[in-house]
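# Using only what follows, build the 3D model:
(chains A, B, C and D)
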Amino acid sequence: MPVLEVRNLVKHFTSGGGLLGGAKRVVRAVDDVSFTLSGNETLGVVGESGSGKSTLGFLALGLLSPTAGEIRFLGRPVNDLGDRENREFRRKAQIVFQNPFASLNPRMTVRDILDRVLKVHGLPSVSEDGEVVPSLLREVGLRPEHAGRYPHEFSGGQRQRIAIARALASGPELIVLDEPTSALDVSVQAQVLNLLQDLQRARGHSYLFISHNLAVIRHVSHRVVVMYLGKFMEMAPKERLYSAPLHPYTRALLASVPKPFVTDENIEDKVIAGDIPSPSAPPAGCRFNTRCPLRTPLCEEEEPEWKEVGKEHFVRCHRVDEWV
Amino acid sequence: MGDPILSVKNLTVHFHTEAGVVKALEDVSFSVGQGEVLGLVGETGCGKSVTALSVMRLIPTPPGRIVGGTIHFDGRDVLALSEEEMRSLRGKDMAMIFQDPISSLNPVFTAGYQVEEAIVTHEAVPRREDLIARVTGLFKKVNISDPEKSVRSYPHMLSGGMKQRVMIAMGLSCSPRLIIADEPTTALDVSIQAQILSLIRRLQMEGGSSVLLISHDLGVIAAMAQTVAVMYAGSIVEKTSVKTLFDRPLHPYTRGLLGAIPRLDVDQERLSVIPGTLPDLFNLPRGCKFRERCSEALPLCAEGRPLLAEIEPGHEVACYARA
Amino acid sequence: MAGKPSSLRLIFGRIRRNPIAFLGLLIILGYVGMALFAPVLAPHDPIRQDLDKSFAPISAEHPLGCDEFGRDILSRILFGARISLTIQVFSVGIALFVGVFLGAISGFFGGWIDEGIMRIMDILLAFPGILLALAIVAMLGPDLHNLIIAIGIYSIPQFARITRGSVLTVKQNEYVTAARAIGETKPSVILRYVLPNAISPIIIQTTLRMATVLLTAAGLGFLGLGVQPPQPEWGTMLSTARMYLRSAPMVAFFPGVSIMIVVLGFNFFGDGLQDALNPKLKD
Amino acid sequence: MGRFVAQRLLMLVPVLLGVSLVAFCIIQLSPGDPAQVMAGMEASEADIEMIREKFGLNEPLPVQYWAFLKGLFSGNLVSLRYEAPVMEIVLPHLKNTLILASMSIVLAVLLGVATGVCSAVMRKTWVDYLATVLALFGVSMPVFWWGLLLMLLFSVKLAWLPSGGMGTFAHLILPSVALGTSSAGIIARMTRSSMLDVLKQDYITTATAKGLVRSVVVGRHALRNALIPTVTVIGLQFGQLLAGAVLTETVFSWPGVGRLLVTSILSRDFPMVQATLVIVAALFVFVNLAVDMLYAVLDPRIRYHGR
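Below you'll find the predicted structure:
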């Protein structure tokens, strides 16, 4: 049974409207997306700002309620859980945020932060391996003596380890990682990424790994999905997506990342033209058509299908058959 | 290349805070040649932004203070200039592009006005139409969509990428000889970053200005710079041509940094890490600042700070293990 | 971004280093001491009249002289401190309790609860300054209890607004979302995560409000709508002394100075507290 | 912009209704029989009955409220003391108060903004400390006592200025200084802190980096932004001045709405009290509306998006 099953998920944010609130604006943050996530798997979600990737993560955890569509967690629909089931869901699905300076309560010690998770779920604070809090801290590479300190006494990387320990404390099956290393320096990022991989190997949970960084996503994911203005544009196993990307957006995105070595290629040749349209006024037809070098008149009128073009490889592009 | 346009020697900057003295920069020396792009790369707290602000003499004082060293711009001693002389240099001969275009533009003035201001401060432009034409021309040059309309737009009406273009137009308005770009694309999306980088590169080639490019992203540095200086905890640890740096890095920190970057083009089973964290800038250890995280540290490294030394032609490294 | 919470020692250290704030603290302590020990400190009965001593000048026996009824002004000032402190503590207490409660649920839950509470606060705030208290006293009649109620009610919207704003800011922090993600209940999120981090502006407002409340109470007393004579409330004392302004200006001087110094104390301290609790304005 | 104004105006309706309801309740919620309260303790049974009759106090509450609302504007609500429609009395007094409050706000803004800017620019110098202490003194001064002190010095001792009443410009000086002092202090504090906040912003560094002279950076780039929050405070201070007028007018015998309110309360002229409260509150609400508009003018972000 997959850990997470998402079908035709839609989330709209409405602003304005009402009595005299001006024109109603609808942001289609997540628009008709479907995917599954298996046990011990990492699905990487990559996209630029306005792509809806963070909203997707919040929806998956039930922190936002969807406008339409269905989310199943371990086979149960998340939208209508009873109290007990909801608690169970909260225990088994956790999150790590981007900014470790804002994601820990500054007025709680590390021990309090971790204890609260155990208390809320009625979990014992002592297990057969000894006390839970020190062993959690050791597991994420901190020392048990750190338990009595406050978050501000730690560096960004250490705080992110505390946030990871908090997510682990309830023994989750799914952890949503929302840009977990974007606020960190490269050398610290490497430490945290390695830690996340070690923990997955040891515990077997799944990750929904959200990032704007294509290289990080490649490093951690088993499968990758590319989002643009609320839509999935391409989804494929990692090797395929990075070696043989099919969507023009994926290709352009991969090309536009400056590589950390000297090449003869010019950055000028890799540019995707134009601005990212506002998610509250996405273009008609294919959402990428305003910037796509391969656009046809059809792309401006009709939204392409979400097509399976190979094993586990999906693309949303009218012209994909031409270059498969 | 002739004389360097900018030459910084032994620059030392301290910040006096409630918690103590931060040694933000220690003996930083480098120079930028005419038409050269020098990349300054390093992680948080390495002092790269402080270096940039020092060159412009924009360090907030107090708490910051330049306690030692010299900065020469086009042969003139920047630190000895009067405030008025410095002012006439800023924006005219040396211009700066900041990291966050959203907060770097004044929200209550139009984009066009803010660029106009940069011009009229340094030049007499008698006719208003000429001024507007010049600003519109600048907007065209930096590829701002619909320049006639954009000059009258307030910053919040422009996208992040467009705002950064306005900042660049402002920087270029008086054809400066040195452009200091402090993380110019860090706040932008990947696809917009590529646009801005290529714009800066094109303008630099056309105009022949020198650029001091500051970034934490080695990819950006590789794409843009000719010479690179790597900074760590307030010091330059390695300095060489961009090609040498990426092909044959010598300082253990540079090597560690390059190994820690996830790669887009190859599969890596595991990232190599630099263990530990940045030393406390309030309380720097004796000896080499990188020693505690270094796998190659020698007993000598605990004794004194290694200085930048030319180990092979055009390749300077501050490391006892390489000397 | 969540700043680091300052420890009490750090805050006190900042106050110590700020001469204005420290002076404020000393004034407040002196004032509270005066109020607590008034019966011990006062040389005379503050109420008993002795018409022989009407407008008696400053002397060793009457360090601040006597008023029109020959009452010792120093004793009246000392006992006046009791009355003002009582008004301050109780009215600010009421406002703090009700205002923080309303502001917290308003800011946390948003939606129609927020709309409803804030519109009611808007109505109360439409009566600026002393007017609302004046209206309530006019309605209930002037005495100490009603004064406390009136001033308490008129301070509620300030606390509600400050708390709401602070809660809205704190609510943005990811640790609040994280608390929801680990399954914390709503009351627990408010009490453990939101309020402890939203408290600084409330503390500052409490201090500054102590100053405003004293001014308002004295103002009502001055208008004859506060604590009634012969009780030695400072504003009430001023109101009667005013009639002898030309002949005996000192009688009006001392109650006024007392009000000003105490208000100044709270304002000095509150201002310093603002800097001490918001180190972002510091370097 | 038009829609923005319309939206704001519409939001005022419930507030104004609430205000009138509060004023209406002043009599209803008084402990005891409203007619007895209005007539006073010594009134005879007949007097009380007459008042009950005259003010329709036997009607159900909603009817009474409606009659009150209508009476406010139609002239049916009559002052007990003046025996004339309340509006005829309130409006001339209101004009006098507005003269006083306007003069005070002008003084307070000029003084407060100037002090605040100097304080922020010369932060941590003796100028800043002096300005801080002066501003806090201003805020802490009880307006009625400060008025008395000014009167004692300038009219009793020096005899330069009249001690009370209304008439020439000289009559206006002492009351408006007394009234404006506290607002000047608050505006100074607010300007200082918003100015300090703005001076730390990135766009100030940008302005300096493009070579602008310091006076332009501070006077144009910083002040323009710092004034946005200050304007809100100025609006609120105008309300404080209307309220402070109650005290100042009593001290200086200024024939304004504040003194009218106090005398009406003391003489149990309840219709007058109600009318005064409604008018002052409504005025304040409209001043705040005007401030919101000004805000939109100063801040282009609001001008285009609404809030």
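
# Work out for me the element residue B:7 sits within.
In this structure, residue B:7 is located in strand B:6-17 according to DSSP states H and E.

# which residues touch the strand or helix carrying residue A:235?
Residue A:235 belongs to strand A:231-237 when elements are defined using DSSP H and E. If you take Cβ atoms under 8 Å, 6 or more residues apart in numbering or on different chains as the criterion, strand A:231-237 is touched by A:31-35, A:222-227, A:241, A:245-247, A:249-250, A:287-288, A:306, A:310-317. The C-beta positions use only the backbone N, C-alpha and C, and glycine is treated the same way.

# low pLDDT regions in chain C?
Under the criterion of pLDDT under 70, the regions of chain C flagged as low confidence span C:1-6, C:279-283.

# typo on my end, the stretch 101-250 of chain D
Short version for the stretch 101-250 of chain D, where the test is pLDDT under 70: none.

# Would you map the helices across the chain?
Just so you know, I chose chain A. For chain A, applying DSSP state H gives helices covering A:53-60, A:83-92, A:110-120, A:132-139, A:156-168, A:186-203, A:214-220, A:238-243, A:248-256, A:297-301, A:320-323.

# switch to chain C, that's the one I care about
Secondary structure of chain C by DSSP H: the helices cover C:8-17, C:19-36, C:38-41, C:73-109, C:111-125, C:130-140, C:144-171, C:174-181, C:186-188, C:195-222, C:234-241, C:249-277.

# Nearest to residue A:255, out of those helices?
helix C:174-181 (32.9 Å; Cβ to Cβ).

# now the angle from that closest one to helix A:53-60?
Orientation of helix C:174-181 against helix A:53-60 (axes from the mean of the first three to the mean of the last three Cα atoms, to 10 degrees) gives an angle of 30 degrees.

# For the helices of chain A, give me CSV that also has distance to chain C, mean pLDDT and mean neighbour count.
Supplementary listing: the helices of chain A in CSV, determined by distance: least, Cβ to the nearest Cβ, whole Å; pLDDT from 0 to 100; neighbours: other Cβ atoms under 10 Å in any protein chain shown:
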stretch, distance to chain C, mean pLDDT, mean neighbour count
helix A:53-60, 8, 94, 23
helix A:83-92, 3, 86, 15
helix A:110-120, 5, 94, 21
helix A:132-139, 13, 94, 18
helix A:156-168, 7, 95, 24
helix A:186-203, 16, 94, 20
helix A:214-220, 19, 95, 24
helix A:238-243, 27, 93, 18
helix A:248-256, 27, 92, 22
helix A:297-301, 37, 93, 14
helix A:320-323, 37, 87, 12
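
# any idea of the pLDDT on whichever residue of the stretch 1-150 of chain B sits closest to chain C?
Closest approach between the stretch 1-150 of chain B and chain C, counting by Cβ to the nearest Cβ: residue B:63, at 4.4 Å. Each residue has a pLDDT score; the one for residue B:63 is 85.

# Report how many residues lie close to it.
Around residue B:63 sit 15 other residues, with neighbours defined as other Cβ atoms under 10 Å in any protein chain shown.

# what do you get for residue B:130?
Here the number of neighbours of residue B:130 (other Cβ under 10 Å) works out to 11.

# Just give me how far stretch B:23-41 sits from the chain centre.
Distance, stretch centre to chain centre, for stretch B:23-41: 8 Å (Cα atoms, centre = their mean, to the nearest Å).

# Hmm, I typed the wrong one, I wanted stretch A:228-239.
With Cα atoms, centre = their mean as the basis, stretch A:228-239 stands 12 Å off its chain's centre.

# Repeat that for stretch C:42-60.
The mean C-alpha position of stretch C:42-60 is separated from the chain mean by 30 Å, Cα atoms, centre = their mean.

# How about stretch B:249-269?
For stretch B:249-269, the separation from the chain centroid amounts to 22 Å (computed by Cα atoms, centre = their mean).

# near chain A at all, that stretch?
Yes. Applying Cβ under 8 Å from any Cβ of the partner chain, one finds that stretch B:249-269 is in contact with chain A at B:256, B:257, B:258, B:259, B:260, B:261, B:262, B:263, B:264, B:265, B:267, B:268.

# could you say which helix or strand contains residue D:3?
Short version, using DSSP H and E: residue D:3 is in helix D:2-28.

# is chain B contacted by that helix?
No. Applying Cβ under 8 Å from any Cβ, one finds helix D:2-28 separated from chain B by no less than 16.0 Å.

# burial measure for residue 80, as a count.
Reading this off chain A. Every residue meeting other Cβ under 10 Å relative to residue A:80 is counted, giving 8.

# meant chain C, my bad for not saying
Residue C:80 is surrounded by 30 other residues when neighbours are defined as other Cβ under 10 Å.

# My read is that it contacts residue C:230, right?
No. Counting by Cβ atoms under 8 Å, residue C:80 stays clear of residue C:230, with 11.7 Å between them.

# which residues touch residue A:252?
Residue A:252 is in contact with A:270, A:272, A:291, A:293, B:191, counting by Cβ under 8 Å, 6+ apart.

# Quick one: residues contacting the residue of the stretch 1-150 of chain B at minimum distance from chain D.
Sorted by distance to chain D under Cβ to the nearest Cβ, the residues of the stretch 1-150 of chain B start with residue B:91, at 3.4 Å. Residue B:91 makes contact with B:118, B:121, B:122, B:173, B:174, B:176, D:209, D:210, D:211, D:212, according to Cβ under 8 Å, 6+ apart.

# Mind giving me the PyMOL command for buried ones among these?
Typed into PyMOL, the next command selects the buried ones out of the contacts of residue B:91 (criterion: 16 or more other Cβ atoms under 10 Å in any protein chain shown):
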select buried, (chain B and resi 118+121+122+173+174+176) or (chain D and resi 209+210+211+212)
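
# which of the contacts of residue B:91 sit farthest apart?
With distances taken as Cβ to Cβ, the most widely separated pair in the contacts of residue B:91 is B:176 and D:212, at 15.2 Å.

# What are the neighbouring residues in contact with the closest residue to residue C:167 other than its chain neighbours?
Leaving aside its sequence neighbours, residue C:167 sits nearest to residue C:107 (Cβ to Cβ, 6 or more residues apart in numbering or on different chains; 3.3 Å). The contact partners of residue C:107, taken as Cβ under 8 Å, 6+ apart, are C:114, C:163, C:164, C:165, C:166, C:167, C:168, C:171.

# between the residues you listed, which is nearest residue C:103?
Ranked by distance to residue C:103 (Cβ to Cβ), these are led by residue C:163 at 2.8 Å.

# That closest one - nearest residue in space that isn't next to it in sequence?
Leaving aside its sequence neighbours, residue C:163 is closest to residue C:103 (2.8 Å, by Cβ to Cβ, 6+ apart).

# how about the one you found, what does it touch?
With Cβ under 8 Å, 6+ apart as the criterion, the residues that contact residue C:103 are C:159, C:160, C:161, C:162, C:163, C:164, C:165, C:166, C:167.
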